[in-house]
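Asks: coords below, sequence missing:
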């Protein structure tokens, strides 16, 4: 139910997000409109007339009483069913009911042009003197300095020192260039029943302890991921056993990669060739200890026993604390970590790229002073830079809120705000007016989404998922509640990824009024056999501009929908996702679906979802990569396992067969056609309701730091996450 605490929370969130306090104070709350406090209809458009969330406790109690106690002469409602109810497979999607042609158009069942921001012109960078400390403020603490344990949290792992790879994405345009490899590899060749390639490596790279990085380090890392079947952080896509058979070291600086099945370029160039490389000397004793449950099985264990032993082995591996002793080969090493306070990185004196001069062209061409040239340069380079580190150390200071981090930056304690992709508009506007600060906005290719647990009823029913999607008014929350600080999304490939986005998808529910949403959601459910207690159904009261609730929703067999929960990060971690969660709770409850939003810490949510798989629905987000092979990783049946990325248990053999082709297609044209088809299936069947993206809003002190470029897909945060910007930034 929409309780007093939830109403108080919404008020606080609205204040955090920069809505006018005076508007809240002057509003005249009306108890009978508690559910629809901020939703009104004017000229067929959903708007806010007054912010009426400041309701008196008495009003809330009266409304709650009126909703839970039947009036005289009415039948007692049926008791709420005790869930969860296990589901026996997914139910197919019914045809979308035709309410009216106008409603269908507004519902988004037509082509919608992509919306994406334009990038600004880049600036030419001239390096200055080395020195000093780069000070970064963030709200997100490091989950662990253990690479494997931190891999599942994008922001946490992004703060850790850079990991080198055979191939890498160059700055700004992500052009594929050799990093540890000494040259771009030759094409795959067939050798007996294998597809193979030999990759020569540089012989001048050292770990931060002064030892050489060799082919054995790459082989050890890949084998560890294979042997322990590690999925977290996309490692399962870097090292994919569906294709990769093994890797071998031919000598100290040559590796040979063996595929038992020929991979497409997404599972070769963007996967095995980009797998992170860890120090064998440091990690081998740790991994040997973790392998104990697997080795105890003996020869030829059952698949079930092996998978359980791998889970136990991963838990042992994740529990290891490097304590700052692990060597690194990138620009920085870990100096000190105080959980909840700060993480300090120190410049690596052995970093092999220090002093490398780089030229970048707008068409993606790349040239550096190490002799690497990729693409055809046209005209003058857009960006010229010199790789550092140009600072002695990087300090990430942990703040409890965006307000505290902004205050620290105003005081001069912080140069850059890291991870505040959801930086509230009010705070961003405060910074924009200060001549010492700069705020840059960039598109991103991430998404926030709501997932269903398809292992339970009624979430396994496509009609139920479609109806829920219709009831969620993304535009209202984005435009009216969050004041335009987020962009509603519908596609499983974000629109900012213009190369792969498919415009021909269903955008179910887009731009509908509340009346139209109520009618369409009811029609979808009725068509699938759902009813409501008492025989009625939710309707729209035109005079009072509110939904008239019916009884609780009954599943097609007459069983009441059980109490459901929606897990979401709380306002301290992400006020935008928590705001969506509260409004989704509101809209589903008034429609007869008993849902409660449970707001909690990110680190508490993740085990429930990916390990225990004990949830009804949840809201999280993905930081995505350029190629859409993740459409397989997130929704393939094989990843419904514990610790797999398909935590929602979406199982569709036809989709598996289609999406698997994303892993084997060999050119862009074929891959695009497959990706387009996969996107159509997903926007119809809706294993997720894609909610929104924020783009990237980065804020920094222009009087203390200078970047070689600020216009980049994913923003400066993405460049930090790649381990690039820390070695490029200049402290004045």
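Replies: In hand now; what should we look at? Quick caveat: nothing in here was measured; it's all calculated off a predicted structure. Residues are numbered from 1 along each chain as shown.

Asks: wait, residue 217 sits on residue 275?
Replies: No: taking CB atoms under 8 Å as the definition, residue 217 is not a contact partner of residue 275, at 11.1 Å. C-beta coordinates here come from the backbone N, C-alpha and C atoms, glycine included.

Asks: neighbour count winner among these two?
Replies: residue 217 (27 against 22; other CB atoms under 10 Å).

Asks: enumerate every residue touching the residue most central in space within the chain.
Replies: Nearest to the mean C-alpha position of the chain, by CA atoms, centre = their mean, lies residue 622 at 1.3 Å. Shown in contact with residue 622 (CB atoms under 8 Å, 6 or more residues apart in numbering): 446-447, 449, 630, 634.

Asks: next: residue 647.
Replies: 451, 609-610, 613, 618, 640.

Asks: now the two most distant members of those residues.
Replies: Farthest apart among the contacts of residue 647 by CB to CB are 618 and 640. That separation is 15.0 Å.

Asks: if we can go back for a sec, the residue nearest to the centre of the chain and residue 449, how far apart?
Replies: For residue 622, the distance to residue 449 equals 7 Å [CB to CB, to the nearest Å].

Asks: quick check, pLDDT for residue 86.
Replies: The model reports residue 86 with a pLDDT of 89.

Asks: could you do residue 242 as well?
Replies: 91.

Asks: any idea which element residue 658 lies in?
Replies: With secondary structure defined by DSSP states H and E, residue 658 is part of helix 653-660.

Asks: downstream of that helix, the next helix or strand is which one?
Replies: helix 668-685.

Asks: what strands line up against the following helix or strand past that following helix, and which way round?
Replies: Next along the chain after helix 668-685, taking DSSP H and E as the criterion, comes strand 688-693. Partners of strand 688-693 in the sheet, by DSSP bridges, are strand 447-452 (antiparallel), strand 487-488 (antiparallel).

Asks: can you list contacts of the last one?
Replies: I take that to be strand 487-488. 115, 474-475, 478, 510, 691-695.

Asks: go with 10 Å
Replies: By CB atoms under 10 Å, 6 or more residues apart in numbering, the residues outside strand 487-488 that reach it are 115-117, 443-444, 472-479, 494-496, 507, 509-511, 690-695.

Asks: and it, how far from the chain's centre?
Replies: Counting by CA atoms, centre = their mean, to the nearest Å, strand 487-488 is centred 14 Å from the centre of its parent chain.

Asks: on that earlier part again, shared neighbours of residue 622 and residue 449, anything?
Replies: 492, 634, 688.

Asks: what number of residues lie near the last one?
Replies: The number of residues packed near residue 688 is 24, by other CB under 10 Å.

Asks: for the first one, same thing?
Replies: Neighbour count for residue 492, taken as other CB under 10 Å: 28.

Asks: contact partners for the closest residue to it other than its chain neighbours?
Replies: Spatial nearest neighbour of residue 492, chain neighbours left out: residue 682 (4.7 Å); criterion: CB to CB, 6 or more residues apart in numbering. With contacts defined as CB under 10 Å, 6+ apart, residue 682 is in contact with 491-493, 505-506, 631, 634-635, 650, 652, 655, 659, 688, 690.

Asks: just the helices in the stretch 251-400 of the chain please.
Replies: Along the stretch 251-400 of the chain, counting by DSSP state H, counting those that start in this stretch, helices occupy 280-290, 292-295, 303-318.

Asks: distance to residue 388 added to those, as JSON lines?
Replies: Shown next, in JSON lines, are these (distance: least, CB to CB, whole Å):
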{"stretch": "helix 280-290", "distance to residue 388": "25"}
{"stretch": "helix 292-295", "distance to residue 388": "42"}
{"stretch": "helix 303-318", "distance to residue 388": "32"}
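
Asks: among the ones you listed, which comes closest to residue 148?
Replies: Once these are compared by CB to CB, helix 303-318 is nearest, at 5.4 Å.

Asks: any idea how the protein splits into domains?
Replies: Following automatic domain parsing, the chain resolves into domains at 4-68, 163-318, 327-444+697-731, 445-693.

Asks: residue 556: neighbouring residues, count only.
Replies: Neighbour number of residue 556 under other CB under 10 Å is 15.

Asks: what helix or strand is it on?
Replies: Taking DSSP H and E as the definition, one finds residue 556 inside no helix or strand.

Asks: and it, backbone torsions?
Replies: When read as degrees, to the nearest 10, the backbone of residue 556 gives phi -50, psi -30.

Asks: follow-up on the earlier one: in ChimeraX, select just the buried ones from the contacts of strand 487-488.
Replies: Entered in ChimeraX, the line below selects the buried ones among the contacts of strand 487-488, by 16 or more other CB atoms under 10 Å:
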select :116,443,444,472,473,474,475,476,477,478,479,494,495,496,507,509,510,511,690,691,692,693,694,695
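
Asks: among the contacts of strand 487-488, which ones are in helices?
Replies: When DSSP state H is applied, the contacts of strand 487-488 are split such that 474-476 fall in helices.

Asks: so can I have a markdown table of those residues showing pLDDT?
Replies: Shown next, in a markdown table, are these (pLDDT from 0 to 100):
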| residue | pLDDT |
| --- | --- |
| 474 | 97 |
| 475 | 96 |
| 476 | 96 |
